[in-house]
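# Would you be able to build a 3D model of this:
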Amino acid sequence: MGEQDLAKVAKEAVEAFNRADWDRTSALLGGSTYDEVGTGRQLRGEAEILPALKGWRSAMPDVKGTVTNAIASGNKAVIEVTWEGTQTGPMEGPGATVPASGKRQTTRAAWVFDFDGDKIKESRQYFDMMSFMQQIGAMPQA
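Next up is the predicted model:
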């Protein structure tokens with residue numbers, strides 16, 4: 001698979017999430033390891049990854065990722081994503097639930113994908129969780 005094809009697959013992970021197409025999301029990410037750096041969650045396989053992604057959608061039913069940049073080299077692809085959504089549902093976290101705030105957030109992220117052939121083997125998504133939590137009112141602004 002060519003490098004541009006890898007970037008296209010990485011973008012498709014965001015597009016599948018945007019459509020809440022869990023079958024496609026599973027096909028893309030279900031056999032991989034997903035490191036969600038902002039939350040500290042390291043998830044393996046469909047049984048752990050899909051519930052986490054569905055949790056984001058449950059807390060923000062209108063959440064959408066917009067890919068603003070994509071690059072691939074060798075067996076890696078990196079995309080920049082702007083996530084936007086309104087937290088109208090509770091957000092489950094480690095040891096606590098953040099109640100719905102009705103507040104809108106915009107959080108930029110970088111998502112790095114490692115491929116084994118044409119399959120995603122591992123990915124790491126980097127985003128500023130503190131900024132996110134401040135925007136939804138779960139933490140005071142600095």
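# Pairing partners for the residue nearest in space to the middle of the chain in the sheet, please.
A centroid search over the chain (C-alpha atoms, centre = their mean) returns Gln125, at 6.4 Å, as the residue closest to the centre. Taking DSSP bridges as the rule, Gln125 bridges to Glu36, Trp111.
# Then Val81?
Beta-bridge partners, per DSSP bridges, of Val81: Val67, Ala109.
# Does it touch Ala70 like I think?
No - applying C-beta atoms under 8 Å as the test, Val81 and Ala70 come out as separate, 9.6 Å apart. For every residue, glycine as well, the C-beta is placed using N, CA and C.
# Report the contact partners of the residue lying closest to Ser73 once chain neighbours are set aside.
Of all residues not flanking Ser73 in the chain, Glu3 sits nearest, at 6.2 Å (C-beta to C-beta, 6 or more residues apart in numbering). Residues in contact with Glu3, defined by C-beta atoms under 8 Å, 6 or more residues apart in numbering, are Ala72, Ser73, Gly74, Ala77.
# Give me the distance between Glu3 and Lys121.
16 Å (C-beta to C-beta, to the nearest Å).
# number of nearby residues for Thr97?
10 (other C-beta atoms under 10 Å).
# what about the helix or strand containing it, average pLDDT?
According to DSSP states H and E, Thr97 maps onto strand 96-98. Taken as a whole, strand 96-98 has a mean pLDDT of 90.
# same question, stretch 14-28
Rounded mean pLDDT across stretch 14-28 is 98.
# Any idea how far apart the tips of that stretch sit?
Start-to-end span of stretch 14-28 (C-alpha to C-alpha, to the nearest Å) is 10 Å.
# Other residues contacting it?
9, 12-13, 46, 50, 53-54, 57, 64-67, 79, 81, 111, 120.
# of all those, which comes closest to Gln87?
Nearest to Gln87, judged by C-beta to C-beta, of these is Arg57 at 11.5 Å.
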